[in-house]
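Engineer: model this:
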Amino acid sequence: MVFSDISDFIVYNLDRIRHEKVDFKKIALNNLEKAEEEYREKFVIVSSMRLDAVISEAFNLSRSESDKFIKSELVKVNYSTISKGHYELKEGDLVSVRRKGRFKIHSIDGLTKKDRVKLTLFFPI
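Structural biologist: Have a look, this model is predicted:
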């Protein structure tokens, strides 16, 4: 999206981004279609809603490996960099781990008999 006063300039002058040829066309803002994202669902059981615990279950890592990603500032929650493994996640949070992927906590489905938390995670396809 760009301002209308520079849109003609961009459409007529920008033909490459790095080494890739690109084509543009102008679309009015009221004619934009909402993009439907497709998700892959994954059900996990975690010991707590701590960031390091959920990342380790989501990407099949150990807690210490997920903690390395967090301390290296490669993890974002809702587009904000988080550097503490004890950060508490909540339903609806979007978690992004650089070099691994991202997921959204779709729902908290309750507790198990051993007081562990059941989660439904959505991974974009």
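Engineer: Residue nearest the middle of the chain, spatially speaking?
Structural biologist: R102 (3.7 Å; Cα atoms, centre = their mean).
Engineer: ok now whichever strand or helix holds that residue, how far from the chain's centre?
Structural biologist: Assigned by DSSP states H and E, R102 belongs to strand 101-111. Remark: strand 101-111 is offset 12 Å from the chain centroid, using Cα atoms, centre = their mean, to the nearest Å.
Engineer: okay, whichever helix or strand comes after it in PDB with CA atoms only?
Structural biologist: Counting by DSSP H and E, the next helix or strand C-terminal to strand 101-111 is strand 117-124. Output in PDB follows, covering the C-alpha atoms of strand 117-124 (Å, rounded to 0.1, in the frame of the first residue of the first chain):
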ATOM      1  CA  VAL A 117      -2.300 -27.200  30.100                       C
ATOM      2  CA  LYS A 118      -3.900 -28.500  26.800                       C
ATOM      3  CA  LEU A 119      -3.400 -26.000  23.900                       C
ATOM      4  CA  THR A 120      -4.500 -25.800  20.300                       C
ATOM      5  CA  LEU A 121      -1.800 -24.100  18.100                       C
ATOM      6  CA  PHE A 122      -2.300 -22.900  14.600                       C
ATOM      7  CA  PHE A 123       0.700 -22.900  12.200                       C
ATOM      8  CA  PRO A 124       0.300 -20.900   8.900                       C
END
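Engineer: now for strand 117-124, which elements pack on it?
Structural biologist: If contacts are counted by 3 or more Cβ pairs under 8 Å, 6 or more residues apart in numbering; DSSP states H and E, strand 117-124 sits against strand 39-46, helix 51-58, strand 101-111. Any C-beta I mention is one placed from the backbone N, CA and C, and that applies to glycine too.
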